[in-house]
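*Asks:* Sequence and predicted structure below; questions after.
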Amino acid sequence: MSRLPINQTRLVEKRQFILALRDEYHNKKTDLWTCFIMYINFLSILGCKYLIEMNYWQREDYKKAINGYKTMWHRSRRAGKSLGLSVIGVFFCIINFGYRANQGKVVWRAPRGNQLGQAAEWFKKNPFVNNVKIKDGWIMVMESEPIDIKPMTEGNVASIGASVYIIDEAKKIKKGHQIYDEALESYGMFAEGDLSQKRMISASTGARLTLFHTQYISGEWDYCRHTYKECSWITEEFVQSERDGNPNDPYYVKQEYECVWVARGDTAFQNVYVVDMVNKIVTHGADQFHFGDNDFFHENWKFPPATHAGCDFNGPKTGHYVTCGSMDLQNIYVNHEYKLKTVEQIKPFGEKYLLEIESGPLYNIPYAKECVKKNVKCFHQNWDQKVIAERLYILDHKNIIINARTCQYTVINLEEAVTDETSVFRKLKKSTTQHGLDCVMHQVHDKTMVLTSTEIETNLQEDVYAMGGFGNL
């Protein structure tokens, strides 16, 4: 007689364990992590060798994902992402975790359907899984809600509720693509309930300008990073063969195995230092280090107090943007960013900082005139090509040190900025969403004396006249 697969044996014991585990969590109020260890121990009894293997950092990553609301696993290739996610997904199902009607509902999304194949193989090894229906989009879990596992498409991101959201390979969800917007929309599936009743877990190798990088720079996710050097099963010889096999892509190994947020060739600003003041980590191009590992960023490093501010005007739908920071001989510091609805809200920044606004050309002039009428203390700067070139020169020749958590939008702008390959001189490729970057270019002004209202009004009228007039502004 042939031996049955492990997930078809000992049905009575497995059902009893599920009931006992739910009783521990829901009635006896045993904490989630203890319940997870009970689950791992039972998998061990059932002989699930590969599913329960974990070293110290894998155990810690499990603990963060089980206990925390939002967790990121930034790992090298072949570092056990899909295996770990499958173990977690089944656990939350059988324990019936979550809020009211969403209890036990786990959603798993990946950019493309073919990326779900590896997860399917691990689910087949889990003794609590009855059936794996990847083509239909379901993992059937014993005595529990099925796991909803599908590609990230418009039809698969809305109109359902769940308590656990697993995002697999978010680095392949690139900004500017429709799938990126759909992925952000998918967060709405988890609106119901207190944060303690919800879990979001994103696991991937890393790449800039992707959903995974957006999650990282948001500062909202508990970030776990592990390179191939922490994986004893990935040898140096293999990684070297990967380097040799990609001679035209010097970034490949750094990105895929060393877990570096790589700045690729056409990145406009490779002098940006993104500082996470909570975790005390600095990301700079192909490097990432902790406070104390660098002479400049010592263990007690802080941003200098902000002295300057820059404002970028936009229409009522987008709103006006302001950044605040300072500058010395070597560095530009960007401490905070703000999004404002009205010109009136800009006024306090002029009182506290040396504030520059964009007073022209074109649609900025009416906002500049409104600043005059509302007595906003600021410097008026017409944004011509000469000034842009001067400010770009400053940004190129100093380090840009920016707060990852208080300047999330501006960090993205700096990361996204690329050079215009069609231009014969140094020029940025224009984007309609670079408001934070434009603010920083205003912030780095060196003005010290504010003009009188009469002088500003005269300059504005000259700007209007030079462009043929706007009628009654």
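*Replies:* Sure thing, it's come through. Numbering: from 1, shown residues only.
*Asks:* low-confidence ranges in the stretch 151-300 of the chain?
*Replies:* When residues are selected by pLDDT under 70, those of the stretch 151-300 of the chain lie in 155-159, 263-266, 285-286.
*Asks:* What segments of it are helices?
*Replies:* With helices called from DSSP state H, counting those that start in this stretch, the stretch 151-300 of the chain shows them at 178-186, 211-218, 236-244, 252-256.
*Asks:* Packed most tightly, which of these would that be?
*Replies:* helix 211-218 (a mean of 23; mean count of other CB atoms under 10 Å). Every C-beta, even on glycine, is put in place using the N, C-alpha and C of the backbone.
*Asks:* hmm, back to that, looking at the helices of the stretch 151-300 of the chain, which is nearest to residue 358?
*Replies:* Proximity to residue 358, assessed across those by CB to CB, is greatest for helix 211-218 (25.6 Å).
*Asks:* returning to what we had before: show me the one of the helices of the stretch 151-300 of the chain that comes nearest residue 44.
*Replies:* If you check each of those against residue 44 by CB to CB, helix 236-244 wins as the nearest, at 29.4 Å.
*Asks:* other SSEs contacting that closest one?
*Replies:* Counting contacts by 3 or more CB pairs under 8 Å, 6 or more residues apart in numbering; DSSP states H and E, helix 236-244 packs against helix 252-256.
*Asks:* Just the C-alphas of the helix it packs on, formatted as PDB.
*Replies:* C-alpha atoms of helix 252-256 as PDB (Å, rounded to 0.1, in the frame of the first residue of the first chain):
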ATOM      1  CA  TYR A 252      22.300  43.100 -10.600                       C
ATOM      2  CA  VAL A 253      24.000  41.400  -7.600                       C
ATOM      3  CA  LYS A 254      23.800  44.400  -5.400                       C
ATOM      4  CA  GLN A 255      20.000  44.600  -5.900                       C
ATOM      5  CA  GLU A 256      19.100  40.900  -6.000                       C
END
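*Asks:* Let me see the residues that make contact with it.
*Replies:* Helix 252-256 is contacted by residues 76-77, 205-207, 239, 242-243, 246, 260, 262, 286 when judged by CB atoms under 8 Å, 6 or more residues apart in numbering.
*Asks:* what number of residues lie near the closest residue to residue 85 other than its chain neighbours?
*Replies:* Setting aside the residues directly before and after it, residue 85 is nearest to residue 166 in space (CB to CB, 6 or more residues apart in numbering), at 5.3 Å. Neighbourhood size, residue 166 [other CB atoms under 10 Å]: 25.
*Asks:* just the one 4 residues further on next, same as before
*Replies:* Residue 170 is flanked by 27 other residues according to other CB under 10 Å.
*Asks:* Also the one 5 residues further on?
*Replies:* Counted with other CB under 10 Å, residues neighbouring residue 175 total 16.
*Asks:* Please report the distance of it from residue 415.
*Replies:* Counting by CB to CB, to the nearest Å, the gap from residue 175 to residue 415 is 9 Å.
*Asks:* and if you look at residue 331?
*Replies:* Residue 331 is 18 Å from residue 415, by CB to CB.
*Asks:* What of residue 70?
*Replies:* Shown here: residue 70 relative to residue 415, a distance of 20 Å by CB to CB.
*Asks:* One more: residue 18?
*Replies:* 45 Å.
*Asks:* Can you give the contact residues for stretch 192-199?
*Replies:* Here stretch 192-199 makes contact (CB under 8 Å, 6+ apart) with 65-66, 68-69, 71, 92, 97-100, 102, 161, 163-165, 190.
*Asks:* of the residues you listed, closest to residue 395?
*Replies:* Nearest to residue 395 among the contacts of stretch 192-199 is residue 71, at 34.3 Å by CB to CB.
*Asks:* That closest one looks like it's in a strand, true?
*Replies:* Yes: per DSSP: H, G, I helix; E, B strand; the rest coil, residue 71 lies within a strand segment.
*Asks:* burial measure for it, as a count.
*Replies:* 23.
*Asks:* coming back round to it: need the residues touching each of residue 175 and residue 415.
*Replies:* In terms of CB under 8 Å, 6+ apart, residue 175 and residue 415 are both contacted by the residues residue 209.
*Asks:* Show the buried residues in the contacts of stretch 192-199.
*Replies:* Those of those that meet the buried threshold are 65-66, 69, 71, 92, 97-99, 102, 161, 163-165, 190, by 16 or more other CB atoms under 10 Å.
*Asks:* mind giving me CSV with those and columns for distance to residue 199?
*Replies:* Shown next, in CSV, are these (distance: CB to CB, whole Å):
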residue, distance to residue 199
65, 7
66, 8
69, 7
71, 8
92, 7
97, 8
98, 9
99, 11
102, 11
161, 14
163, 7
164, 5
165, 7
190, 9
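*Asks:* Inside strands: which ones of these?
*Replies:* Among the buried ones among the contacts of stretch 192-199, the members falling in strands (DSSP state E) are 71, 164-165.
*Asks:* Return the closest of these with respect to residue 232.
*Replies:* Distance ranking of those against residue 232, using CB to CB, places residue 71 first at 23.3 Å.
*Asks:* wait, isn't the closest one in contact with residue 220?
*Replies:* No: checked against CB atoms under 8 Å, the pair residue 71 and residue 220 is beyond contact range at 10.5 Å.
*Asks:* so residue 294 touches residue 282, yeah?
*Replies:* Yes: contact criterion CB under 8 Å: residue 294 and residue 282 qualify, at 6.9 Å.
*Asks:* out of the two, which sits in the more crowded spot?
*Replies:* Per other CB under 10 Å, whichever of residue 294 and residue 282 has more neighbours is residue 282, with 22 against 14.
*Asks:* Now do that one against residue 291, distance only.
*Replies:* 7 Å.
*Asks:* Ok, residue 386 next?
*Replies:* To residue 291, residue 386 is 39 Å away according to CB to CB.
*Asks:* ok, those two, which is more surrounded?
*Replies:* Per other CB under 10 Å, whichever of residue 386 and residue 291 has more neighbours is residue 291, with 18 against 9.
*Asks:* list residues touching both of residue 282 and residue 291?
*Replies:* In contact with both residue 282 and residue 291: residue 297, using CB under 8 Å, 6+ apart.
*Asks:* Helices of the stretch 301-450 of the chain, start to end?
*Replies:* 347-352, 364-373, 385-397, 408-416, 435-443.
*Asks:* Now tell me which of the ones you listed the model trusts least on average.
*Replies:* Of all those, helix 408-416 carries the lowest average pLDDT, namely a mean of 86.
*Asks:* buried residues in that one?
*Replies:* 408-416.
*Asks:* Now find how far off-centre that helix is within its chain.
*Replies:* Computed by CA atoms, centre = their mean, to the nearest Å, the chain-centroid distance of helix 408-416 equals 11 Å.
*Asks:* With stretch 131-151 instead?
*Replies:* 28 Å.
*Asks:* same question, stretch 295-313
*Replies:* The answer for stretch 295-313 is 21 Å, by CA atoms, centre = their mean.
*Asks:* Then stretch 49-63?
*Replies:* 24 Å.
*Asks:* how far does it stretch from start to finish?
*Replies:* From its first residue to its last, stretch 49-63 covers 20 Å (CA to CA, to the nearest Å).
*Asks:* contacting residues around that stretch?
*Replies:* Applying CB under 8 Å, 6+ apart, the contact partners of stretch 49-63 are 33, 36, 40, 43-44, 71, 73, 80, 83-84, 86-88, 122, 125-126, 224, 226, 230, 232.
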